[in-house]
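Trainee: Sequence first, then the predicted structure, then my questions.
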Amino acid sequence: MRKIDPKDLDRNVFSLIGDQWMLITAGTAERCNTMTASWGGLGVIWGAPAATCYIRPQRYTKEFVDREDHFTLAFFGEGSREALQLCGSKSGRDIDKVKACGFTVRTADCGAPYFEEAELVLVCRKRFVQPMDPDRIPQDIKTKWYPNEDHHILYIGEILEVLVKD
């Protein structure tokens with residue numbers, strides 16, 4: 001994979017995140033966990049390119065993201081849809097998702113794990129974490145998305161590297 005400037009990223013982020021999905025990954029090359037996500041955003045905050053992602057409190061990946069200073073967001077082609085479905089429906093507590101998907105773990109300069117099979121990887125330094133305040137979420141949203149009251153935690157990561165497949 002080669003590095004590009006975040007400003008050279010010319011992909012539709014609504015399609016990348018909402019339609020193609022992404023894998024949120026944290027840990028080390030030897031022990032990492034990943035999960036599929038379709039909620040997030042890209043933009044600029046505090047003078048730097050940034051990515052936001054949201055993780056429910058019960059997700060195993062949250063433990064890895066909380067423990068580490070860095071995480072990655074990886075985007076794949078349509079041929080990886082089955083693997084992304086597995087990573088979104090199975091827990092790393094129960095199976096080795098990386099092995100089950102046949103992914104090859106690589107590490108960014110900061111040591112954050114990502115997958116060689118990805119088409120695009122955003123390497124992020126964790127800069128902000130905040131649980132969603134249920135009192136500030138509209139009732140129709142709570143009814144639809146939070147029947148179990150497991151409100152997401154917001155993560156903001158400064159994008160340190162953008163890696164694209166050659």
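Mentor: Yes, it's here. Numbers count the residues shown, from 1 in each chain.

Trainee: how close does the nearest residue to Glu116 once chain neighbours are set aside get to Leu163?
Mentor: Nearest residue to Glu116 in three dimensions, chain neighbours excluded: Thr104, at 4.0 Å (CB to CB, 6 or more residues apart in numbering). The way it works is simple: take the backbone N, C-alpha and C, and place the C-beta from them, glycine included. According to CB to CB, to the nearest Å, Thr104 and Leu163 sit 14 Å apart.

Trainee: Just the helices from the protein, written as ranges.
Mentor: 13-14, 60-67, 81-89, 97-101, 139-145 (DSSP state H).

Trainee: Quick one: those as a markdown table, columns for mean pLDDT and distance to Glu30 too.
Mentor: Listed next are the helices of the chain as a markdown table, based on pLDDT from 0 to 100; distance: least, CB to CB, whole Å:
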| stretch | mean pLDDT | distance to Glu30 |
| --- | --- | --- |
| helix 13-14 | 92 | 31 |
| helix 60-67 | 97 | 12 |
| helix 81-89 | 92 | 19 |
| helix 97-101 | 93 | 11 |
| helix 139-145 | 96 | 35 |
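
Trainee: I'd like those helices written out as CSV, with mean neighbour count added.
Mentor: Output for these, formatted as CSV (neighbours: other CB atoms under 10 Å):
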stretch, mean neighbour count
helix 13-14, 12
helix 60-67, 19
helix 81-89, 16
helix 97-101, 17
helix 139-145, 10
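
Trainee: Turn these into a markdown table, including distance to Ala50.
Mentor: Putting those into a markdown table (distance: least, CB to CB, whole Å) gives the following:
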| stretch | distance to Ala50 |
| --- | --- |
| helix 13-14 | 12 |
| helix 60-67 | 15 |
| helix 81-89 | 23 |
| helix 97-101 | 26 |
| helix 139-145 | 23 |
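
Trainee: what about stretch 10-21, distance to the chain center?
Mentor: Stretch 10-21 sits 13 Å away from the centroid of its parent chain (CA atoms, centre = their mean, to the nearest Å).

Trainee: Specify the beta-bridge partners of the most centrally placed residue in the chain.
Mentor: Centroid check for the chain by CA atoms, centre = their mean gives Ile24 as the closest residue, at 2.3 Å. Counting by DSSP bridges, Ile24 is bridged to Met35, Leu73.
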